[in-house]
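K.L.:
pasting a predicted model and its sequence here:
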Amino acid sequence: MIFATLEHILTHLSFSIVSIVIAIHLMILSVHEIIGLRHSSEKGMLATFFSLTGLLVIRWISSRHFPLSNLYESLIFLSWSFSIIHMVSKLWNHKNDLSTITAPSAIFTQGFATSGLSSKMHQSAILVPALQSQWLMMHVSMMLLSYAALLCGSLLSVAFLVITFRKNIDIFFRSKNLLILIKSFFFGKIEYLNEKRSVVKSTSFLSFPNYYKYQLIQRLDYWSYRVISLGFTFLTIGILSGAVWANEAWGSYWNWDPKETWAFITWTIFAIYSHTRTNQSLHGTNSALVASIGFLIIWICYFGINLLGIGLHSYGSFT
């Protein structure tokens, strides 16, 4: 009873804190000069991390097994993974470009886990025989950490594509305006030139906003590659450990289960991404497109298969 009460309190506390953090981030995006709010958001994510950690530990103690036996627990662990990625990225990058991605991701997964699932899944249950193994912690934790890292990296690639696309549009229209001004000058329309003098200022490709946007694009590309590389490593370890566990539980390393098949497709997509990053001719937009496709593939692998509730991994479904 005590464990259930503590779990209930920590669940709602972490959800409330991360909601406040998102509101603070929205205010920071509107007003960049609010430094105090930025520090508050970092403290909020730290509090969220400790709340989720306490929630997982309490559930571990009460159920007497690692809390990764169903979809509800995996979503809570995924939310915890987003918070720890946020804090690790803060140590590496003082500007913390991941903050606008990790906080919404954490509240989305946790909010869905606490309100969108059946209440029966919130209660701890006895592990099915296939899950009664020491490989549970190794395999499932590595897979969920890889999902969290790959989702964050893929979203950074999506942001990279959006900003690059808008930047190219801005350059196109500014070039067009500059061409109009040149034509008007040669045709002697001085009065037209005076009226459009303000347009000349907007055609400066070395202006501060453009320079800041260029720096942002470079940082997004850099961090998406670093985070995806980390997630790809976790995914490889998770698949290999899962193969060993499958041989121990089912007598075969690979069964072409739907979950296994989509995990292999996910691994292939991000292996292609890693290859495009090493090829200078495919670097940049092309690799970001591959990562954006990977974002959809991850959700199919993790969540889409659970909707169907088929295969050897059906214990992770809604039913």
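P.N.:
Sure thing, it's come through. Numbers count the residues shown, from 1 in each chain.

K.L.:
how does the protein divide into domains?
P.N.:
What automatic domain parsing lists as the domains of the chain is 1-121, 131-319.

K.L.:
pLDDT on the longest one, on average?
P.N.:
Confidence over domain 131-319 (mean pLDDT, whole number) is 77.

K.L.:
got the residue ranges for the helices in the stretch 1-150 of the chain?
P.N.:
2-30, 35-63, 71-92, 99-115, 135-186 (DSSP state H, counting those that start in this stretch).

K.L.:
list the buried residues of the third one.
P.N.:
So that's helix 71-92. Buried residues in helix 71-92, counted by 16 or more other Cβ atoms under 10 Å: 71-87, 89-90. No exception for glycine: its C-beta is placed from N, CA and C like everyone else's.

K.L.:
CA atoms only: put that helix into CSV for me.
P.N.:
The C-alpha trace of helix 71-92 is given here as CSV (Å, rounded to 0.1, in the frame of the first residue of the first chain):
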residue,chain,number,x,y,z
LEU,A,71,4.3,-1.3,-22.1
TYR,A,72,3.5,1.0,-19.2
GLU,A,73,6.8,0.3,-17.5
SER,A,74,8.7,0.6,-20.7
LEU,A,75,7.1,4.0,-21.4
ILE,A,76,8.1,5.3,-17.9
PHE,A,77,11.6,4.0,-18.5
LEU,A,78,11.6,5.7,-21.9
SER,A,79,10.6,9.0,-20.3
TRP,A,80,13.4,8.5,-17.7
SER,A,81,15.8,7.9,-20.6
PHE,A,82,14.9,11.2,-22.2
SER,A,83,15.6,13.0,-18.9
ILE,A,84,19.0,11.4,-18.5
ILE,A,85,19.9,12.3,-22.1
HIS,A,86,18.9,15.9,-21.3
MET,A,87,21.3,16.0,-18.4
VAL,A,88,24.2,14.3,-20.1
SER,A,89,23.8,16.6,-23.1
LYS,A,90,23.9,19.6,-20.7
LEU,A,91,27.3,18.4,-19.4
TRP,A,92,28.6,18.3,-22.9
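
K.L.:
which strands or helices does that helix pack on?
P.N.:
In terms of contacts (3 or more Cβ pairs under 8 Å, 6 or more residues apart in numbering; DSSP states H and E), helix 71-92 is packed against helix 2-30, helix 35-63, helix 99-115, helix 135-186, helix 208-250.

K.L.:
quick one: that helix to helix 35-63, angle?
P.N.:
140 degrees (axes from the mean of the first three to the mean of the last three Cα atoms, to 10 degrees).

K.L.:
so, low pLDDT: which residues of the stretch 1-150 of the chain?
P.N.:
Scanning the stretch 1-150 of the chain with the threshold set as pLDDT under 70 gives 1, 3-4, 7-8, 12, 15, 18-19, 21-42, 92-99, 115-122, 124-125.

K.L.:
send me the one helix or strand Trp262 maps to as PDB with only the CA atoms.
P.N.:
Trp262 is located in helix 258-278, with elements delineated by DSSP states H and E. What follows is helix 258-278, C-alpha atoms only, in PDB (Å, rounded to 0.1, in the frame of the first residue of the first chain):
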ATOM      1  CA  PRO A 258       7.600  -8.900 -36.100                       C
ATOM      2  CA  LYS A 259       9.500  -7.100 -33.300                       C
ATOM      3  CA  GLU A 260      12.800  -8.600 -34.400                       C
ATOM      4  CA  THR A 261      12.200  -7.800 -38.000                       C
ATOM      5  CA  TRP A 262      11.400  -4.100 -37.400                       C
ATOM      6  CA  ALA A 263      14.400  -3.900 -35.000                       C
ATOM      7  CA  PHE A 264      16.600  -5.100 -37.900                       C
ATOM      8  CA  ILE A 265      15.000  -2.600 -40.200                       C
ATOM      9  CA  THR A 266      15.700   0.200 -37.700                       C
ATOM     10  CA  TRP A 267      19.300  -1.000 -37.400                       C
ATOM     11  CA  THR A 268      19.700  -1.000 -41.200                       C
ATOM     12  CA  ILE A 269      18.300   2.500 -41.500                       C
ATOM     13  CA  PHE A 270      20.700   4.000 -39.000                       C
ATOM     14  CA  ALA A 271      23.600   1.900 -40.500                       C
ATOM     15  CA  ILE A 272      22.800   3.700 -43.800                       C
ATOM     16  CA  TYR A 273      22.800   7.000 -41.900                       C
ATOM     17  CA  SER A 274      26.200   6.300 -40.400                       C
ATOM     18  CA  HIS A 275      27.500   5.500 -43.900                       C
ATOM     19  CA  THR A 276      26.100   8.700 -45.400                       C
ATOM     20  CA  ARG A 277      27.800  10.700 -42.600                       C
ATOM     21  CA  THR A 278      31.200   9.300 -43.700                       C
END
